[in-house]
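# need a 3D model of the following:
(2 chains)
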Amino acid sequence: MTEPRIVVCMKVVPKPEEIHVNPQTHLLERANVRTEINPPDMNAIEMALSLQNQYGGMVEILSMGPPSFEHDLRVGLMMGAEHVYLLSDRAFGGADTLATTYTLAQGIHKLGDVDVIMLGEESSDGATGQVPQGLAEWLDLPQLTLLTDLELDIQARRARGKRVLKGGYERLEVPLPCVVSVKTACNEPRFMDFRLKAWAADPARLTVWSAQDLNTDPDCTGLAGSPTTVTGLAAAALRERKKIQINGTHEEIAARLAELVRGLQ
Amino acid sequence: MTASLYSPAAARKEIWVYLEQEEGALLHISLELLSKGRELADANGWRLVGLLLGAKVAHLVDQAFAHGADAVVLGEHSLLRHFTIDAYAQAAFQALMSGKPGVFLLGATHNGRDLAARLAVRLRTGLNADCTNLHLEPPEGLLISEVSGFGGGVLALIGMPQHRPQMATVRAGVFNVSEETPGRKGEVLTFPVVLDESKLRTRILERNVAEGVDISQTPLLVAAGRGMGTDLAELRQLASRLGGELGVTRPLVDMGLVERERQVGQTGVVCSPKLALCCGISGAFHFVVGIEKAGTVIAINTDPDAAIFESADYCVVADARLIIFELNKALAAVGEAEHD
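Modelled structure (predicted):
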């Protein structure tokens, strides 16, 4: 390897205000909602593209979901990625993290030799934060999670990154290839380059792979491959509070609050 | 369906709790999980077992017993001195495959989350993240995890009937620590950790950890939302004046204004202060769950229809920035008067 091949796994998610649960199926309602690229994944693609600026090579995008996600994924092309691979099949629907990470791993296998696989630290809809590590496990690769920066040593085939810890950080080194999760908000994602709009809209820039293309085991994907099942839904009842109004000038209100605060100390 | 490495029939009636330690001290979350685990074990006649990994950590077993563990599975190795995913996943996997617990609980810390996610795939089992409550249903001991999420007000109940261990992570502050029983005894089950060194691929080049921020145990929470703008100096001053901690809503963390450890709510920290002062916070459900355990809630917001007022004991419709400025002045004046 002289130049790195980097794959960013991106998830398309419903915008936060559009998330609803289907009362019959207990699954997230994903039809007819406005979507966006999972915001933490924007930090991952930014880190990938800045590595490409530094070391050369190529950034590609891997995603899983229905064909309707194409529009959002082309945003990644306009930011500077080379190609999008979309894993799309009805058999992949309803997947929990075990089935999702299995399917993504099959996609990585089909891509062939990849040096760095990058993901956001969590998704804004599921927010389990388990996919990067689970993917690394299926691929039997080392992982660097919650990174705020990453450097590659191309000659020695090693990656070094700074991982956030509670109250500090650690610097870790692993051999390539490896899986990386990127700390949310650790960088400023670049804007799309609108001059690339026509280029990015070219159908040849996006490849869709089905279950057949990936040769996935039907017992391991989608709902069938998911150990966890939603057994019920309950309304989360919030505690009743007193709701006492405090009125007056700012000084009067502050004086009343000062009393309350001191009384509770 | 992918089968887990051991089946429900092969699983033991044991709840295992991962006893996470840092520099030879147990994390508070481990005690919280032991307390909840004890409750579930008692209700079902199960055994509660702590899994303790590290180098020279045997002295921690008494604390685990005092907090309810019937036994501690102890794996010590010099390469477990600091957490690396490679070594810890191997050691934990070895212990789990030999003990075959029905349930395995971990804290949703940085390292606990990594370990849980990697082990779940290695064991081919399911993992519920950030559970807000746990139930163990007789007779088979099906673990039902409550996951609050999906926007507003809905709890999903999630189970995994055919996979073991049933894994779940829980954030700090969700469960309370029950009173300890000093001198309570238990069984120490030491196992020889065998590490395949060809799979130890992570090198720690540098570690720099100071005392971390933990807002889950603060008696007074001063919380800021977008209504406070980007200047939090007055709020930080108020928090330190009152011996409390600053907490924030998620957007302020995502903007990079405040560290993630200070995020209150469903994807942040669940706090249980005596008083929570919520400033410029709209009161979305995923925030409010983080102050559900507060004794008293005061909310300040310019919008009289803000949802936060539904979850407040005292409601102030005003610009929080101005009120906080005045409150700091009022408290400073009192402080001076007391010193005269």
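
# so in that sheet, which strands flank the helix or strand hosting residue A:7, and in what orientation?
Element membership of residue A:7 [criterion: DSSP states H and E] is strand A:5-10. With DSSP bridges as the test, strand A:5-10 is paired with strand A:58-64 (parallel), strand A:116-120 (parallel).

# deepest of these, which one?
Compared across the strands paired with strand A:5-10, strand A:116-120 shows the largest average neighbour count, a mean of 27 (mean count of other Cβ atoms under 10 Å in any protein chain shown). Where C-beta positions appear, they are placed from N, C-alpha and C, glycine not excepted.

# just to revisit the earlier point, give me the contacts around the strand holding residue A:7.
Residues from elsewhere that reach strand A:5-10, judged by Cβ atoms under 8 Å, 6 or more residues apart in numbering or on different chains: A:37-38, A:41, A:44-45, A:48, A:51-52, A:57-63, A:73, A:76, A:81, A:104, A:108, A:111, A:113-120, A:131, A:135.

# would you mind putting the CA coordinates of it into PDB?
Only the C-alpha atoms of strand A:5-10 are listed here, as PDB (Å, rounded to 0.1, in the frame of the first residue of the first chain):
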ATOM      1  CA  ARG A   5      -8.100   3.100   1.100                       C
ATOM      2  CA  ILE A   6     -10.600   4.500   3.600                       C
ATOM      3  CA  VAL A   7     -14.300   3.400   3.900                       C
ATOM      4  CA  VAL A   8     -16.700   5.500   5.900                       C
ATOM      5  CA  CYS A   9     -19.800   3.600   7.100                       C
ATOM      6  CA  MET A  10     -22.600   6.100   7.000                       C
END
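
# need the mean per-residue confidence for it.
For strand A:5-10, mean pLDDT rounds to 98.

# mind checking how far it is from the chain centre?
Relative to the mean C-alpha coordinate of its chain, strand A:5-10 is positioned 11 Å out (Cα atoms, centre = their mean, to the nearest Å).

# helices of the stretch 1-150 of chain B, start to end?
Using DSSP state H, counting those that start in this stretch, the helices assigned to the stretch 1-150 of chain B run over residues B:28-44, B:61-66, B:85-99, B:110-122.

# of those, flag the one that's most buried.
When these are compared using mean count of other Cβ under 10 Å, helix B:110-122 is most buried, at a mean of 25.

# and the lowest-mean-pLDDT helix or strand in chain B, is it in reach of chain A?
The least trusted helix or strand in chain B, going by mean pLDDT, DSSP states H and E, turns out to be helix B:320-339, with a mean of 83. Yes. Helix B:320-339 lies within reach of chain A by Cβ under 8 Å from any Cβ of the partner chain, at B:322, B:323, B:326, B:327, B:329, B:330, B:331, B:334.

# just to revisit the earlier point, let me have the strands paired with strand A:5-10 in JSON lines, adding mean pLDDT and distance to residue B:91 as columns.
Below are the strands paired with strand A:5-10 laid out as JSON lines (pLDDT from 0 to 100; distance: least, Cβ to Cβ, whole Å):
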{"stretch": "strand A:58-64", "mean pLDDT": "98", "distance to residue B:91": "32"}
{"stretch": "strand A:116-120", "mean pLDDT": "98", "distance to residue B:91": "25"}
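
# show me what residue of the stretch 151-300 of chain B gets nearest to chain A.
The stretch 151-300 of chain B approaches chain A most closely through residue B:212 (2.9 Å), counting by Cβ to the nearest Cβ.

# so who does the residue of the stretch 101-250 of chain A found nearest chain B touch?
Distances between the stretch 101-250 of chain A and chain B by Cβ to the nearest Cβ are smallest at residue A:167, namely 2.9 Å. Residues near residue A:167 by Cβ under 8 Å, 6+ apart: B:209, B:210, B:211, B:212, B:213, B:261.

# what subset of these is buried?
Taking 16 or more other Cβ atoms under 10 Å in any protein chain shown as the criterion, what is buried in these is B:213, B:261.

# so which of the contacts of residue A:167 are in strands?
residue B:209 (DSSP state E).

# where exactly do the helices run in chain A?
A:39-55, A:70-79, A:97-111, A:131-139, A:197-201, A:211-214, A:250-264 (DSSP state H).

# so where's the chain uncertain?
In the absence of a named chain, this looks at chain A. A:1, A:17, A:19-31, A:127, A:265 (pLDDT under 70).

# should've been chain B
Under the criterion pLDDT under 70, the flagged ranges of chain B are B:149-153, B:335-340.

# specify the residue ranges that define each domain of chain B.
B:8-199, B:215-339 (automatic domain parsing).

# in this structure residue B:146 contacts residue B:130, no?
No. At 10.1 Å, residue B:146 does not count as touching residue B:130 under the criterion of Cβ atoms under 8 Å.

# which residues are in contact with each of those two?
Counting by Cβ under 8 Å, 6+ apart, residue B:146 and residue B:130 have no contacts in common.

# who in the stretch 1-150 of chain B is up against chain A?
B:1-2, B:4, B:84-86, B:109-110, B:113-114, B:116-118, B:120-122, B:124-130, B:144, B:146, B:148-150.

# rerun that using 6 Å as the cut-off
Residues of the stretch 1-150 of chain B lying close to chain A by Cβ under 6 Å from any Cβ of the partner chain are B:1-2, B:110, B:113-114, B:117-118, B:121-122, B:125-126, B:129, B:148, B:150.

# before we move on, the earlier item: I'd like the strands paired with strand A:5-10 written out as TSV, with distance to residue A:139 added.
Converted to TSV, those look like this (distance: least, Cβ to Cβ, whole Å):
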stretch	distance to residue A:139
strand A:58-64	12
strand A:116-120	8
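
# between the ones you listed, which gets nearest to residue B:237?
strand A:116-120 (34.3 Å; Cβ to Cβ).

# quick one: residues in contact with the closest one.
By Cβ atoms under 6 Å, 6 or more residues apart in numbering or on different chains, the residues outside strand A:116-120 that reach it are A:6-9, A:38, A:40-41, A:43-44, A:48, A:132, A:179-182.

# residues contacting residue 256?
If you meant another chain, say so; for now it's chain A. By Cβ under 6 Å, 6+ apart, the neighbours of residue A:256 are residue A:246.

# wait, I meant chain B there
residue A:185.

# secondary structure class for it?
coil (DSSP: H, G, I helix; E, B strand; the rest coil).

# residue B:307 and residue B:283 touch, don't they?
Yes. Applying Cβ atoms under 6 Å, one finds residue B:307 in contact with residue B:283, separated by 3.7 Å.

# for these two, indicate the residue with more neighbours.
Higher neighbour count among residue B:307 and residue B:283: residue B:283, with 22 against 19, using other Cβ atoms under 10 Å in any protein chain shown.

# which element, helix or strand, includes that one?
Residue B:283 belongs to no helix or strand, assigned by DSSP H and E.

# and the gap between it and residue B:322?
For residue B:283, the distance to residue B:322 (Cβ to Cβ, to the nearest Å) stands at 20 Å.

# and what of residue B:334?
19 Å.

# same check on residue B:187?
Counting by Cβ to Cβ, the gap from residue B:187 to residue B:322 is 60 Å.

# try residue B:262
23 Å.

# of those two, which one has the most company?
Higher neighbour count among residue B:262 and residue B:322: residue B:262, with 21 against 15, using other Cβ under 10 Å.
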